[in-house]
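Trainee: need a structure here:
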Amino acid sequence: MCKKCWLVVSLLLLIIAGAGYKFMVAGDTKSSADGRLAIQLNPSERDLVLAEMRSFLSSIQQISSGISEADFKLISEQARLSGGAAQQGVPASLMGKLPMAFKKLGFDTHQKFDLLAMDAEQLQDKEHTLKQMSTLMNNCVACHAAYQIETIKTRQ
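Mentor: Reported below is the predicted structural model:
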């Protein structure tokens, strides 16, 4: 009897571990024709991810303008818009579909925006800010080189 219990417990643990891997590490992905990993999202999830990316791009444009004008208040404000506070409100269902490496890159990007904002306020050094923005943009390039977002049809 005890052997059967251990077998059932072991089987359940394997199922839980597999589900955890799927939702925490692998996400809902498949290989794409161009060699990138295609993240499978429903239309509203895709819209949310792409809106965040457009927000990053808008912040970077404004930060560039702030650097050229030595406007550190503008730099800080725009960087904060894409910092950690921008992560609020992302549904858990969406987070489960994103692969771990994508999530890490996203969290790192938000942190880099926050650090840029803080340093712009405290240091007010155009060269330092420009280097930080260049490093931050490496995340954007890496993400777009590795991933694409595909829309899956939702059942109605």
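Trainee: quick check: buried residues in the helix or strand encompassing Gln111?
Mentor: Gln111 belongs to helix 100-123 when assigned by DSSP states H and E. Across helix 100-123, burial judged by 16 or more other C-beta atoms under 10 Å covers 101-102, 105-106, 109-110, 112-114, 116-117, 119-120. For glycine as for every other residue, the C-beta is placed from the backbone atoms N, C-alpha and C.
Trainee: look up how far Phe56 lies from the residue sitting nearest the centre point of the chain.
Mentor: In the chain, the residue lying closest to the centroid (C-alpha atoms, centre = their mean) is Gly106, at 2.4 Å. As judged by C-beta to C-beta, to the nearest Å, Gly106 and Phe56 stand 10 Å apart.
Trainee: show the pLDDT at the closest residue to His128 other than its chain neighbours.
Mentor: In space, and not counting its chain neighbours, His128 is closest to Asp119: 6.2 Å by C-beta to C-beta, 6 or more residues apart in numbering. Note for Asp119: predicted pLDDT of 98.
Trainee: contacts only, for the closest residue to Ser93 other than its chain neighbours.
Mentor: The shortest distance from Ser93 to any non-neighbouring residue, by C-beta to C-beta, 6+ apart, is to Glu45 (7.6 Å). Shown in contact with Glu45 (C-beta atoms under 8 Å, 6 or more residues apart in numbering): Pro91, Ser93, Leu94, Lys97.
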